[in-house]
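K.L.:
Generate coordinates for the sequence data below:
(6 chains)
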Protein chains: 6
Amino acid sequence: MPQERYARGLAKLEEIDGEAGTRVIDSLHDIAPDFARYLIEFPFGDIYSRPGLDLRSREIAVVAALTAMGNAAPQLKVHIGGALNVGVTRDEIVEVIMQMAVYAGFPAALNGLFAAREVFAARAMEHPG
Amino acid sequence: MPQERYARGLAKLEEIDGEAGTRVIDSLHDIAPDFARYLIEFPFGDIYSRPGLDLRSREIAVVAALTAMGNAAPQLKVHIGGALNVGVTRDEIVEVIMQMAVYAGFPAALNGLFAAREVFAARAMEHPG
Amino acid sequence: MPQERYARGLAKLEEIDGEAGTRVIDSLHDIAPDFARYLIEFPFGDIYSRPGLDLRSREIAVVAALTAMGNAAPQLKVHIGGALNVGVTRDEIVEVIMQMAVYAGFPAALNGLFAAREVFAARAMEHPG
Amino acid sequence: MPQERYARGLAKLEEIDGEAGTRVIDSLHDIAPDFARYLIEFPFGDIYSRPGLDLRSREIAVVAALTAMGNAAPQLKVHIGGALNVGVTRDEIVEVIMQMAVYAGFPAALNGLFAAREVFAARAMEHPG
Amino acid sequence: MPQERYARGLAKLEEIDGEAGTRVIDSLHDIAPDFARYLIEFPFGDIYSRPGLDLRSREIAVVAALTAMGNAAPQLKVHIGGALNVGVTRDEIVEVIMQMAVYAGFPAALNGLFAAREVFAARAMEHPG
Amino acid sequence: MPQERYARGLAKLEEIDGEAGTRVIDSLHDIAPDFARYLIEFPFGDIYSRPGLDLRSREIAVVAALTAMGNAAPQLKVHIGGALNVGVTRDEIVEVIMQMAVYAGFPAALNGLFAAREVFAARAMEHPG
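P.N.:
Alright, predicted model coming up:
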């Protein structure tokens, strides 16, 4: 049964964050392999696998929170990508980030918008179509 | 036209935050009446009135952000109420707050849950249904 | 095996936080019972149960972090109690909190010291020695 | 010469924060008397005694910072009082706090304004003239 | 009248932040042009245009706040430049940032000082006179 | 006697932070030489020189706090090095940082782990033995 939780978490991580998620996991193998496991199990195996809230809403929530906190740029970028992966549009992501000016100030929103531009540009290069 | 912005903001504030919103506005009249006007105009007249994101998503975003920041309990409570007002269910609010344990730690999520319980209890007394 | 993790977490929670810990768990039953389970499983069943760092050091780490963050007073108090429970002395707790003036400013340290005084006083009433 | 630093700091603390400052110092005597000494020596004996910036500007800086951080309400109130003591007007304090909506969000500014109202009201009772 | 507010904000932005301000505005055109407008209208058209506090004090307030928050380095640099533009001296800026060690810790003050050095050096290259 | 405090602080800074500490001091000479002195005197001459808590525990406390705050990466790296210097093992440092996922969220812990990997790698190059 713990394997179930791990497998469920890994599938959910790949569904949401795609390659960016697996890169985070890989990057932990030499420094803290157990933390890679916890990251799969608790956030993705437990929380994101809960049925009570759709993934679109969950990604809106995390983009909002990380923009507002303003101290985790790499993770914000991963989740802007995650939001796109689960169907949040670019315009909706921009709306969420702009809204954070109200709750965390204009600098937090500006830095969130610049992160979004970077992610959008990287996507455009990957999928130029 | 500035009056339009103000009127639109006031209507939006009432739609989202209801009485709790007008109480905030009233509470500013003696100390900073202009700030009451800004609060109506920019967050509600400008941001919340934008068509690009539904109010449900906006309230999910703000509940997430204020839970994660952990330093604005009164405003978190107002927006938990606001989320209920625009159709986010209690269970969904609890999901958003629990998810913040991943991004801002368990204490932030715990304090968010206790805020939600307070708001839910106050609602139950008002609408004993 | 998930039951093992839960049981191990619950034992660890009781070892560290004592009654204050079980009060937190109980307080979640009506609002978010699953979160009570996660709180037992991940922080206590996974992290605090790891052999690589003694509980004394872990409680020093959390008292430092929560003092520095300055936005989770109830949890700081629980962990000041937890630090006492695992053998950190009052003087050592005061040292850790004072040290946080260097990293998070004097207000954070002051509020940490006032939290410590409250916990120490409550202990003195329970164990008037 | 260390006594000089202490004496200079104590005089500066009294000049800026008045009774509220000495209350903070007194409140530390049972829990961390050395911290009371550090608080007098470093912030007030070293920093506030520097000639390069007037006290008015220093109190504007600290009211801005503590409003923006939003996690040190007691110290914010002491320094709103300190700002009044060194000649910043109520209107100027309100301006500084409102400005923080831009940098730290509306909730931080709102909570700062409510702190200011409390300090202003307490002053009005002390000096009803 | 909304045009007035925009024009007033743009003039104020240019007065305070100079070229660095217009660069921020330009950088938003592809990702969130409406946010560029809000940034001109609310912070600069509304707040900075208020007569109740001089620009020198306002820039001292924002340098203090962004140093203390420690999570918005680009905006801190823009406003260190803005402080110089409205007549705050380098020495006064350094005083404000050093003072933040008291309220937000030594790391926040150190990172603020390093930001100031960068801005001062860039100015020296532009105006080598 | 102030010289004693300075000398004691400088010795303690070198004991804990080694070359990384002196580099910080040197980097302040052109922008804020007095701040270099304060940094030696208060954190190291006063706080770290106190007998009530061993240096191992102090470095665990600061690694925890800076990981949790998440906005002072350069100082976190200096103190991960400092922790190694006073006998905290790499595994213990990794444990402390992982534990912060509980109190400040997974992004804070991830960024702390990446900082640790960088410090560990730099050490391996200096002492390849």
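K.L.:
anything in the helix or strand in which residue A:109 is found near chain F?
P.N.:
Per DSSP states H and E: residue A:109 is located in helix A:106-126. No: figure legend: helix A:106-126 not in contact with chain F (CB under 8 Å from any CB of the partner chain); closest approach 11.9 Å. Every residue, glycine included, has its C-beta placed from N, CA and C.
K.L.:
Off-centre distance for that helix?
P.N.:
Distance of helix A:106-126 from its chain centroid, counting by CA atoms, centre = their mean, to the nearest Å, is 13 Å.
K.L.:
Just the residues contacting it, thanks.
P.N.:
Counting contacts by CB atoms under 8 Å, 6 or more residues apart in numbering or on different chains, the residues outside helix A:106-126 that touch it are A:63, A:66-70, A:73, A:76-77, A:80-81, A:84, A:90, A:93-94, A:97-101, D:102-103, D:105, E:24, E:27-28, E:30-32, E:35, E:39, E:43, E:66, E:71-72, E:74-75.
K.L.:
What's the PyMOL line that selects buried ones from the residues you listed?
P.N.:
Written as a PyMOL command, the selection of buried residues from the contacts of helix A:106-126, which uses 16 or more other CB atoms under 10 Å in any protein chain shown, is:
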select buried, (chain A and resi 63+66+67+68+69+70+73+76+77+80+81+84+90+93+94+97+98+99+100+101) or (chain D and resi 102+103+105) or (chain E and resi 24+28+31+32+35+39+43+66+71+72+75)
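K.L.:
from the contacts of helix A:106-126, which are also near chain F?
P.N.:
Contacts with chain F within the contacts of helix A:106-126, counted by CB under 8 Å from any CB: A:66, A:69, A:70, E:71.
K.L.:
How about the contacts made by the closest residue in space to the last one that isn't next to it in sequence?
P.N.:
By that I understand residue E:71. Ranked by CB to CB, 6 or more residues apart in numbering or on different chains and with sequence neighbours excluded, the top spatial neighbour of residue E:71 is residue A:70, at 4.0 Å. By CB under 8 Å, 6+ apart, residue A:70 lies in contact with A:104, A:107, A:108, A:111, A:112, E:69, E:71, E:72, F:71.
K.L.:
show me the contacts for the residue nearest the centre of chain A.
P.N.:
Centroid-nearest residue in chain A: residue A:79, 1.9 Å away (criterion: CA atoms, centre = their mean). Contacts here follow CB under 8 Å, 6+ apart; on that basis residue A:79 touches A:17, A:59, A:62, A:63, A:66.
K.L.:
Residue F:12: which of those residues is nearest?
P.N.:
Closest approach to residue F:12 among those (CB to CB): residue A:66, at 37.1 Å.
K.L.:
shouldn't that closest one be in contact with residue B:102?
P.N.:
No: between residue A:66 and residue B:102 there is no contact under CB atoms under 8 Å: 10.6 Å.
K.L.:
and the spatially closest residue to residue A:86 that is not a sequence neighbour, how many residues sit next to it?
P.N.:
Spatial nearest neighbour of residue A:86, chain neighbours left out: residue A:55 (4.2 Å); criterion: CB to CB, 6+ apart. Other residues within reach of residue A:55, judged by other CB atoms under 10 Å in any protein chain shown, total 17.
K.L.:
model confidence over the longest helix that chain A contains, on average?
P.N.:
If you go by DSSP state H, chain A has its longest helix at helix A:2-27. The average pLDDT within helix A:2-27 is 94.
K.L.:
to the chain's geometric centre, what's the distance from it?
P.N.:
12 Å.
K.L.:
wait, does that helix contact chain C?
P.N.:
Yes: Helix A:2-27 lies within reach of chain C by CB under 8 Å from any CB, at A:2, A:5.
K.L.:
So is that helix next to chain B?
P.N.:
No: using CB under 8 Å from any CB, helix A:2-27 stays clear of chain B, with a minimum separation of 11.8 Å.
K.L.:
what does stretch A:33-49 give?
P.N.:
Yes: Stretch A:33-49 is in contact with chain B by CB under 8 Å from any CB, via A:42, A:43, A:47, A:48.
K.L.:
how about the residues of chain A that lie near chain E?
P.N.:
Those residues of chain A that sit near chain E, judged by CB under 8 Å from any CB, are A:69-71, A:94, A:97-98, A:101, A:105-111, A:113-114, A:116-117, A:120.
K.L.:
what's the nearest residue to the residue of chain A at minimum distance from chain C if we skip its chain neighbours?
P.N.:
In chain A, the residue that lies nearest chain C is residue A:42 (4.8 Å; CB to the nearest CB). Spatial nearest neighbour of residue A:42, excluding adjacent residues (CB to CB, 6+ apart): residue C:42 at 4.8 Å.
K.L.:
Also residue A:94?
P.N.:
Spatial nearest neighbour of residue A:94, excluding adjacent residues (CB to CB, 6+ apart): residue E:32 at 5.3 Å.
K.L.:
Touching, that neighbour and residue A:95? I think so.
P.N.:
No: under the criterion of CB under 8 Å, residue E:32 makes no contact with residue A:95, lying 9.1 Å away.
K.L.:
about what we covered before: in terms of helix, strand or coil, where does the residue nearest to the centre of chain A fall?
P.N.:
helix (DSSP: H, G, I helix; E, B strand; the rest coil).
K.L.:
confidence score at it?
P.N.:
Predicted confidence (pLDDT) for residue A:79: 98.
K.L.:
Okay, now the unreliable bits of chain A?
P.N.:
A:1, A:129 (pLDDT under 70).
K.L.:
domain assignment for it?
P.N.:
Following automatic domain parsing, one gets these domains for chain A: A:1-51, A:53-129.
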